[in-house]
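Trainee: Here is my input; please provide its structure:
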Amino acid sequence: MYKFCKTILNTFFLLSTVIYGQKTVEDIEINKNIKNILIMHKELVSIPNLPKDKEMMLKNINWVAKQYTDLDFKTSLLESSTLPILIAEKIVNPNYKTVLFYFHIDGQPVNSSAWDQEDPFEPVLKRRDQNGDWQVLDWSKLDDKIEDEWRVFGRSVADDKAPIIMLLSALKMLHNQKKFPKINLKIIFDPEEEYGSKALLSTLDKYQDRYASDYFIVMDGPAHNSNLPTLTFGCRGIASCSITTFGSKLPQHSGHYGNYLPNPVFRLANLLSSMKDQEGRVLIKDYYRGIEITPEISSLLQEVPFDARELNNELGIHSSENVGINYQESLQYPSLNVRQIGTSWKGKGLKTVIPEYATANIDVRLVPETEGASQLQKIKNHIEEQGFYVLDRDPTDEERQMHPKIVKFKGALSVNSFRTNPDSDFGRKIRNYLRKDFGKDPIVIRIMGGTVPIVPLINKLKVPTVIVPMVNMDNNQHSPNENIRVGNIRQGIKICLSILNASY
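Mentor: Prediction:
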């Protein structure tokens with residue numbers, strides 16, 4: 001009889017593993033709690049989180065602090081230049097490694113008239129009908145079978161309150177089972193990430209010891225569009241500058257002075273065209289210096305699922321620039337982007353004038369092999385090599401007489417990039433645990449294209465850092481009708497459990 005029962009139990013276990021995946025217990029536990037998790041998420045999202053409303057921001061902070069206090073975490077409010085920084089800490093075992101987690105608790109501004117709901121801070125549950133249109137579901141539907149493709153709509157439902165709820169839910173599950181993470185935890189909540197993280201960055205020197213850790217995990221941003229577990233091991237930095245060319249001191253009539261007065265727009269256009277070739281590669285000397293795409297790096301980049309035709313169709317372009325052989329490789333190089341061009345006349349209608357100046361505003365995305373000030377200097381050197389007299393101000397009358405071609409070049413403060421080696425000890429371990437728990441390799445992004453404002457914190461800590469994005473790519477982040485897919489909440493909790501149960 002014992003052998004028969006054992007056989008039945010083993011058969012059930014094998015079948016349940018097929019149905020639920022390798023981490024059967026975790027999957028079942030998540031599904032059992034998903035209703036309460038979505039209600040908890042709804043409660044947090046219902047608290048408006050615009051930093052200009054300090055009272056509401058403190059309400060958000062206090063809500064999160066209470067959740068962690070109830071889980072036996074030590075919570076503290078660290079004084080900053082503006083809003084306080086919430087930090088939650090728990091020493092599970094002095095011999096364990098300490099992992100610092102990062103979330104931001106603030107949200108983007110809203111234009112309620114552009115949303116398909118009355119109040120963006122009142123979360124709405126929806127599902128698609130057969131025509132692909134989103135239909136509102138009453139929250140009482142959570143008593144029925146909760147489907148992965150349902151979505152919750154509202155400001156900050158994805159960015160960044162869903163990840164906050166994912167890790168919190170994973171910790172609650174362990175707590176209720178009287179289990180413990182295999183790491184010590186420090187968790188910081190940034191109250192102004194969408195506005196440049198001024199509060200957090202103002203605390204770096206004063207509270208560096210409070211943030212000290214062995215590893216740093218940033219839980220923000222969307223996963224790869226395949227919705228597979230994703231690990232991002234770096235992000236590009238950013239620098240910016242403006243380039244202004246000059247004509248006469250005032251706008252002049254194009255009939256009277258056409259063919260006589262140099263037009264600063266054409267002069268600017270010629271200068272800009274000298275910076276890139278027809279394939280989009282930057283021609284500025286040493287712009288790509290130090291960057292090498294080895295066979296190993298190339299192989300890692302090509303493992304990321306990518307369909308050029310699909311992306312080009314979505315973007316509405318015939319073909320891409322040829323800086324890299326694919327999308328991921330293109331992100332390994334610093335970019336040179338003209339983001340805006342302007343001249344003097346900004347009113348309605350057109351005027352038949354030769355403008356007195358033309359300005360190009362430029363941004364440069366940085367990679368670890370390049371540094372902001374250095375890249376801007378290379379641009380400035382290139383301008384000088386084209387025969388321009390370069391100033392950091394408007395030219396004087398005397399300078400206009402002495403120099404045929406003048407440029408005003410203004411550089412801005414930059415944020416540098418970061419990158420952790422995916423094959424470092426930390427990189428291999430976190431990849432291996434996700435592979436074990438999900439039965440397949442996670443998507444590994446060597447460096448993402450965007451810039452996060454907390455890079456100064458990352459570079460200050462000088463510890464291996466990885467971004468773990470968990471929300472759906474099509475979440476309308478920063479836009480009207482922001483949303484989070486229920487399936488991503490389920491998967492995100494499982495990712496968090498995998499990280500918490502790992503020994504680093």
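Trainee: Just read off the phi/psi values of residue 153.
Mentor: Dihedral pair for residue 153: phi -110, psi 140, per degrees, to the nearest 10.
Trainee: Which residues does it form beta bridges with?
Mentor: residue 124, residue 483 (DSSP bridges).
Trainee: ok, now which ones touch it?
Mentor: Going by CB atoms under 8 Å, 6 or more residues apart in numbering, residue 153 touches 116, 117, 123, 124, 125, 126, 134, 481, 482, 483. For glycine as for every other residue, the C-beta is placed from the backbone atoms N, C-alpha and C.
Trainee: Distance of it relative to residue 490?
Mentor: To residue 490, residue 153 is 18 Å away according to CB to CB, to the nearest Å.
Trainee: ok, now residue 270?
Mentor: Distance, residue 270 to residue 490, by CB to CB: 55 Å.
Trainee: ok, now residue 340?
Mentor: 42 Å.
Trainee: and the two? which has more neighbours close in?
Mentor: residue 490 (19 against 10; other CB atoms under 10 Å).
Trainee: Leaving out the residues flanking it, which one is nearest to the more buried one?
Mentor: The shortest distance from residue 490 to any non-neighbouring residue, by CB to CB, 6 or more residues apart in numbering, is to residue 30 (5.4 Å).
Trainee: Also residue 485?
Mentor: Sequence neighbours aside, residue 472 is the residue nearest to residue 485 in space, at 4.3 Å (criterion: CB to CB, 6+ apart).
Trainee: got a list of what the one you found touches?
Mentor: Residue 472 touches 158, 222, 223, 227, 483, 484, 485, 488, counting by CB under 8 Å, 6+ apart.
Trainee: out of the residues you listed, who has the most neighbours?
Mentor: Busiest of the contacts of residue 472 [other CB under 10 Å] is residue 484, holding 31 neighbours.
Trainee: doesn't residue 471 make contact with that residue?
Mentor: Yes - here residue 484 reaches residue 471: they are 5.7 Å apart, a contact under CB atoms under 8 Å.
Trainee: Give me the common contacts of the two.
Mentor: Among the neighbours of residue 484, those also in contact with residue 471 (CB under 8 Å, 6+ apart) are 158, 162.
Trainee: In which helix or strand does residue 334 reside?
Mentor: Per DSSP states H and E, residue 334 falls between elements, in no helix or strand.
Trainee: what's near enough to touch it?
Mentor: 236, 282, 287, 288, 364, 365, 366, 367, 370, 375.
Trainee: Same question for residue 500.
Mentor: Contacts of residue 500 by CB under 8 Å, 6+ apart are 170, 171, 174, 181, 182, 183.
Trainee: For residue 270, give its distance to residue 262.
Mentor: Here residue 270 is placed at a distance of 11 Å from residue 262 (CB to CB).
Trainee: Apologies, that question was intended for residue 191.
Mentor: To residue 262, residue 191 is 50 Å away according to CB to CB.
Trainee: now residue 453
Mentor: Here the criterion is CB to CB. By it, residue 453 lies 41 Å from residue 262.
Trainee: excluding its backbone neighbours, what's nearest residue 277?
Mentor: Closest to residue 277 by CB to CB, 6+ apart is residue 283, at 5.8 Å.
Trainee: That neighbour and residue 273 touch, don't they?
Mentor: No - judged on CB under 8 Å, residue 283 makes no contact with residue 273 at a distance of 9.5 Å.
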